[in-house]
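Enquirer: Structural data only, the sequence is not supplied:
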């Protein structure tokens, strides 16, 4: 290898970030830690700026968690350059650990044990060696991340209400409740503390978070296309790809375009 | 099994229970006939046997089937109010006449020709036996119901204790704390020892809290201090806290770890999701004859609270419900819990309950 490999550590507990760094120095002396950050948003920003070879992402961090941060990073990453090797760190998240096992994604458990870390380091070194020989891993990583997010969301989502999918959205407008039939909704978009419910002529705000709404919607009719966007597939007019390879949707009766996350790009293929 | 049309839309009758009642009735009838036989051994045993069986069967049928026509009381399975008495009397009178007719038919004679003294004896025996039998079944139904209720209450209490233990020994908290401890052992053994001591005190209090005892407010604040120190090691500068306990309130008894779930909620739902962290303030005040405890945080507030898996609802979920329950079971309606989201952000929970006399 030409330049020594670099790493980014995202861990919100300062002692644990330092401990991981110490253990890594022992297990992989050649690795240099480029930066240590304490939240998901900084992790994404630093990873894009520093382009490290390995990422150690804690699952639970303030704001954006490790899984979501990895998904955001994959979205913003330039696919022509190799994506860093991902290692998740968790104290106890049984759903996530099951998903890592199922997707063969590297992870280490806290407290970090030297022997277990050594194993992970060997695997990461293998991945980096393959990458040096030109093997592209990006599509595989995107697939893994989509499956991870899907299975963790499914495991932690509140059980869908009995009685089948939701038929109307009840949105309060002033002192009245508007009943909006779901087939009139073009898309849902998470906006800060609310979810925007956009129909062809109007727009409503509801308080139910998107991840609670999602299991109540008919998955055949409504597609998640981004972390914060769920679109009614029949409302999509055209899908276009820009020069960077990113997809965006134009909807019937709407001027604005919706970005499609790389994680969900597989939904849009010509028949 | 649907037997008789009645005022209750769907009458559900337990066949096994019916059979058991009938067998009890038959045993009762055999005892009566044996008693009658010994008091007047000049008659053949067949006579008291057939009469008591016939009268007993009719009485049982009227009462045990008839009670399903009323809306029975859940406690005893008997009709509410005077309905039960009327039914019992109906059963006894009906049993006497119909049973006597049936037995007369068996023997081919008529009892109504007997001397008034003999008829009176039969009447009294039927009445006494009917009242005793009815009371027996009434008491049995009631005791079964109470026994069931007691078992249910015990099961619920055990479940609540287990759930409390599970939330306080939350694995994520436990393993993260252990990871920090492991890191400290190498870097700063003295700090590691202090952290371990705090963890031991916290675990000890958690285990005794699940057994439901009282301890002085000073001990409550002591355990909160342990917990917050553990969290402060983990969260570093993202967690600041103030514990404010006036010395004159230090001795007030409170349920063990009453406030702990509220402080934990403030950290988990308020400060942990907030990148810059925040402050937790726990305050005790005397308000006339009431003790007022406040837990405040400067976290993300309720509107943005994450709603996790079931029971982890915004604003506390299980933790808050459990505090409410413990307050209610210790102080009854004189205790209040108020959860608010102040305009300046974060959350504020206020508990009030009677001070104990100094």
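Expert: Yep, it's here. Keep in mind the model is a prediction, meaning the values are calculated, not measured.
Enquirer: Run a quick neighbour tally on whichever residue of the stretch 201-350 of chain B sits closest to chain A.
Expert: Relative to chain A, the nearest point of the stretch 201-350 of chain B is residue B:236 (4.2 Å; C-beta to the nearest C-beta). Where you see a C-beta, it was placed from the backbone N, CA and C, and this is true even at glycine. Burial of residue B:236 is recorded as 14 neighbouring residues (other C-beta atoms under 10 Å in any protein chain shown).
Enquirer: what's the closest non-adjacent residue to it?
Expert: Nearest non-adjacent residue to residue B:236, counting by C-beta to C-beta, 6 or more residues apart in numbering or on different chains: residue A:14, 4.2 Å away.
Enquirer: pLDDT weak spots in the chain?
Expert: Chain wasn't specified; assuming chain A. A:1-2, A:135-136, A:157-163 (pLDDT under 70).
Enquirer: actually it's chain B I care about, not the one you picked
Expert: For chain B (pLDDT under 70), the answer is B:1-13, B:71-76, B:167-168, B:210, B:212, B:303-318, B:358.
Enquirer: Can you name the residues of it that neighbour chain A?
Expert: Residues of chain B lying near chain A by C-beta under 8 Å from any C-beta of the partner chain: B:171-172, B:174-176, B:178-184, B:186-187, B:233-236, B:238, B:272-275, B:277, B:303-304, B:307-310.
Enquirer: Drop anything exposed from the residues you listed.
Expert: The neighbour count (16 or more other C-beta atoms under 10 Å in any protein chain shown) marks B:172, B:175-176, B:179-184, B:233-235, B:238, B:272-275, B:277, B:304, B:307-308 as buried among the residues of chain B next to chain A.
Enquirer: Go ahead and report the secondary structure state at the residue nearest to the spatial centre of chain A.
Expert: In chain A, the centroid-proximal residue (C-alpha atoms, centre = their mean) is residue A:71; its distance is 2.7 Å. Secondary structure, DSSP: H, G, I helix; E, B strand; the rest coil: residue A:71 is helix.
Enquirer: quick one: it from chain B, how far?
Expert: 17 Å (C-beta to the nearest C-beta, to the nearest Å).
Enquirer: hang on, isn't that residue packed against residue A:263?
Expert: Yes - between residue A:71 and residue A:263 there is a contact at 5.8 Å, judged by C-beta atoms under 8 Å.
Enquirer: Overlap in contacts, the two.
Expert: A:145, A:149 (C-beta atoms under 8 Å, 6 or more residues apart in numbering or on different chains).
Enquirer: Mind listing what's buried along the longest strand belonging to chain B?
Expert: The single longest strand within chain B, with elements called by DSSP state E, is strand B:278-287. Buried residues in strand B:278-287, counted by 16+ other C-beta under 10 Å: B:278, B:279, B:280, B:281, B:282, B:284.
Enquirer: right, and the first one touches residue B:270 too?
Expert: Going back to what we said before, that points to residue B:278. Yes - the criterion here is C-beta under 8 Å, and residue B:278 meets it with residue B:270 at 6.7 Å.
Enquirer: which stretch of helix or strand covers residue A:190?
Expert: strand A:185-191 (DSSP states H and E).
Enquirer: After the helix or strand residue A:21 falls within, heading C-terminal, what element do we hit next?
Expert: Using DSSP H and E, residue A:21 falls within helix A:14-27. With elements assigned by DSSP H and E, the helix or strand that comes after helix A:14-27 is strand A:32-37.
Enquirer: From the rest of the structure, what touches that next one?
Expert: A:4-11, A:17, A:21, A:24, A:43, A:46, A:50, A:52.
Enquirer: Next step: those restricted to strands.
Expert: Judged by DSSP E, those include A:6, A:7, A:8, A:9, A:10 as members of strands.
Enquirer: wait, doesn't the last one sit right on residue A:58?
Expert: Yes - the pair residue A:10 and residue A:58 passes the contact test of C-beta under 8 Å, sitting 5.8 Å apart.
Enquirer: what are the ranges of the helices in the chain?
Expert: Unless you meant another one, I'm taking chain A. A:14-27, A:40-50, A:66-76, A:94-103, A:114-132, A:138-156, A:210-213 (DSSP state H).
Enquirer: wait, chain B
Expert: Counting by DSSP H, chain B has helices at residues B:15-39, B:46-60, B:66, B:83-107, B:116-168, B:171-187, B:189-209, B:217-235, B:260-265, B:318-331.
Enquirer: Show me the one of those that comes nearest residue A:255.
Expert: Smallest distance to residue A:255 across the helices of chain B (C-beta to C-beta): 43.6 Å, for helix B:260-265.
Enquirer: Give the other helices and strands that the closest one contacts.
Expert: The contact analysis (3 or more C-beta pairs under 8 Å, 6 or more residues apart in numbering or on different chains; DSSP states H and E) places helix B:260-265 against helix B:116-168, helix B:217-235, helix B:318-331.
Enquirer: Of the ones you listed, which stretch is the most buried?
Expert: helix B:217-235 (a mean of 21; mean count of other C-beta atoms under 10 Å in any protein chain shown).
Enquirer: helices or strands up against it?
Expert: helix A:14-27, helix B:171-187, helix B:189-209, strand B:239-244, strand B:253-255, helix B:260-265, strand B:278-287.
Enquirer: Try it again at 6 Å.
Expert: helix B:171-187, helix B:189-209, strand B:239-244 (3 or more C-beta pairs under 6 Å, 6 or more residues apart in numbering or on different chains; DSSP states H and E).
Enquirer: Tabulate those (a markdown table), appending distance to residue A:164.
Expert: As requested, the helices and strands packed on helix B:217-235 are exported to a markdown table (distance: least, C-beta to C-beta, whole Å):
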| stretch | distance to residue A:164 |
| --- | --- |
| helix B:171-187 | 34 |
| helix B:189-209 | 43 |
| strand B:239-244 | 44 |
